[in-house]
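In: A structural model of the following input is requested.
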Amino acid sequence: MDLRLVWLALGTFAIGVEGFVIATLLPAIAADIGVPIATAGYLVFAYALAYAVGAPVLSATTGRFDRRALLAATAVVFAVGAFLAAVSQGYWMLLLSRLVIAACAGLYAASAQAAAVTLAPAERRARAVSIVVAGTTMAVAFGAPIGAFISGFAGWRGTYFAIAAVGLVTALAIWIMLPSGIKGDRRSLGERLAVLSVPGIVPALLTILLYMAGPFAAFIYLGPLTQSMGLAAGLLPFVMLAYGIGAAIGNTIGGQLADRFGANRTVVLAMITNAVFLALLSAIPAVVPQALVGPVYFAFMFVWGITGWIFPPAQVSRIVALAPNAAPLALSLNASFLYLGTALGAVVGGQIIEHVGIDELGLIAAVFPLLALAVFFATRPRPVLRPRLG
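Out: Numbering: from 1, shown residues only. Below you'll find the model as predicted:
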């Protein structure tokens, strides 16, 4: 294995930790800075929106820069953003810090994958990209739970200090390990967006937006959800660990299912099962005896992680099949729409908690995977019927 790819993956690991651990930090953040939990949830909305919009724009404007210098600088600014978040004294400073982090996260993820393609020989490029992306998977499975554990004894600010440290280590490693002269993608923003004209791409992107809005409407508010089950806040790191391990397994299974049964069948399976699990999330405290809520909830989070995360690799397969000649650009937009879905989920979840009640969160969130399913079936290509001759 090329060790340079491991250091690139460390950056995606840091990004993933910050992006997912926030779900366990929101109650502490809300209490510390004196805002309602729904208002704290808009920190996720701002982050996701900045990532979705910033990634293609910044990638286009920095395409001429050397990748080593760009990645190292981006990691440093990411670390500065995490440090500012750690020392922030109010809501708006924390919001601004997360916007900085999000912009760097989107630029780093796109640039790291492009650098991995350049560093690897042609026959190993897919594997090289998978190593960089694996940093995110490891962040979900282990990094976010570790961040939650850190917050347990050092507070949410301690978690951000740790993230800042990882960002600095990444910047130093990239500067030392990567060669200079790695060229970027010089295509303009217009050229990058031209992939939207490929038949089927827009419906596929709308599908992932709606799909991600459902689970993230609930996942972002994992802290108050766990407490609504009658469980102690101190169990949050273990809840996150159960979900994260399930997500890592689901990510692997999703790729295997897509290869064996087809990407379209796999995403349909994911949309249906995710809607079912979100609906069941609202049913746990109502139908499960309180003495069994803890074990059932942990098992539920583990299985939900599996079923929820079979979607992303299958969606990647769909995107590549739709635009094989522009796969990197299409996948970049796929990531942007994924985060737009996260942003939508943050808003929807906050509004549900504020105006309906957390007990109904999963049931209402289940509508979004079903909407994604409706878009999928409404826009899939229809077979051409040919008249019989004779």
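In: ok, then the element right after the least confident helix or strand in the chain by mean pLDDT?
Out: Among the helical and strand segments of the chain, the one scoring lowest on mean pLDDT, DSSP states H and E is helix 125-138, with a mean of 76. Counting by DSSP states H and E, the element after helix 125-138 in chain order, helix or strand, is helix 144-177.
In: what helices or strands is that following helix leaning on?
Out: Under the contact criterion of 3 or more Cβ pairs under 8 Å, 6 or more residues apart in numbering; DSSP states H and E, the helices and strands touching helix 144-177 comprise helix 3-33, helix 67-87, helix 236-261. For glycine as for every other residue, the C-beta is placed from the backbone atoms N, C-alpha and C.
In: can you tell me what sits against the helix or strand following that helix?
Out: Tracing the chain past helix 144-177, the next element assigned as helix or strand by DSSP H and E is helix 189-193. Counting contacts by Cβ atoms under 8 Å, 6 or more residues apart in numbering, the residues outside helix 189-193 that touch it are P56, V57, S59, A60, T61, L329, S332, L333.
In: rewinding a little: winner for burial among the helices and strands packed on helix 144-177?
Out: Looking across the helices and strands packed on helix 144-177 with neighbours counted as mean count of other Cβ atoms under 10 Å, the highest average goes to helix 3-33: a mean of 23.
In: between helix 125-138 and that helix, find me the angle.
Out: For helix 3-33 against helix 125-138, the angle between stretch directions is 30 degrees (axes from the mean of the first three to the mean of the last three Cα atoms, to 10 degrees).
In: list the buried ones in the helix or strand following helix 3-33?
Out: Beyond helix 3-33 on the C-terminal side, the first helix or strand identified by DSSP H and E is helix 37-61. By neighbour count, and taking 16 or more other Cβ atoms under 10 Å as the criterion, the buried residues in helix 37-61 are 37-38, 40-56, 58-60.
In: do the same with stretch 325-339
Out: Of the residues in stretch 325-339, those buried under the neighbour-count criterion (16+ other Cβ under 10 Å) are 326-339.
In: per-domain residue ranges of this structure.
Out: Domain ranges of the chain: 1-186, 192-379, per automatic domain parsing.
In: and the longest one, how far out from the chain's middle?
Out: In terms of Cα atoms, centre = their mean, to the nearest Å, the centre of domain 192-379 is set 10 Å apart from its chain centre.
In: tell me the span between the first and last residue of it.
Out: Between the opening and closing residues of domain 192-379 there is a gap of 23 Å (Cα to Cα, to the nearest Å).
In: the least confident helix or strand of the chain packs against which elements?
Out: Here helix 125-138 is seen to pack against helix 3-33, helix 91-119, helix 236-261 when contacts are counted using 3+ Cβ pairs under 8 Å, 6+ apart.
In: closest to T136 out of those helices?
Out: Across those, the minimum distance to T136, taken as Cβ to Cβ, is reached by helix 3-33, at 4.1 Å.
In: what's the mean pLDDT across that closest one?
Out: Mean per-residue pLDDT for helix 3-33: 88.
In: could the helices and strands packed on helix 125-138 be laid out in a markdown table, adding distance to R318?
Out: Rendered in a markdown table, the data for the helices and strands packed on helix 125-138 read as follows (distance: least, Cβ to Cβ, whole Å):
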| stretch | distance to R318 |
| --- | --- |
| helix 3-33 | 22 |
| helix 91-119 | 18 |
| helix 236-261 | 8 |
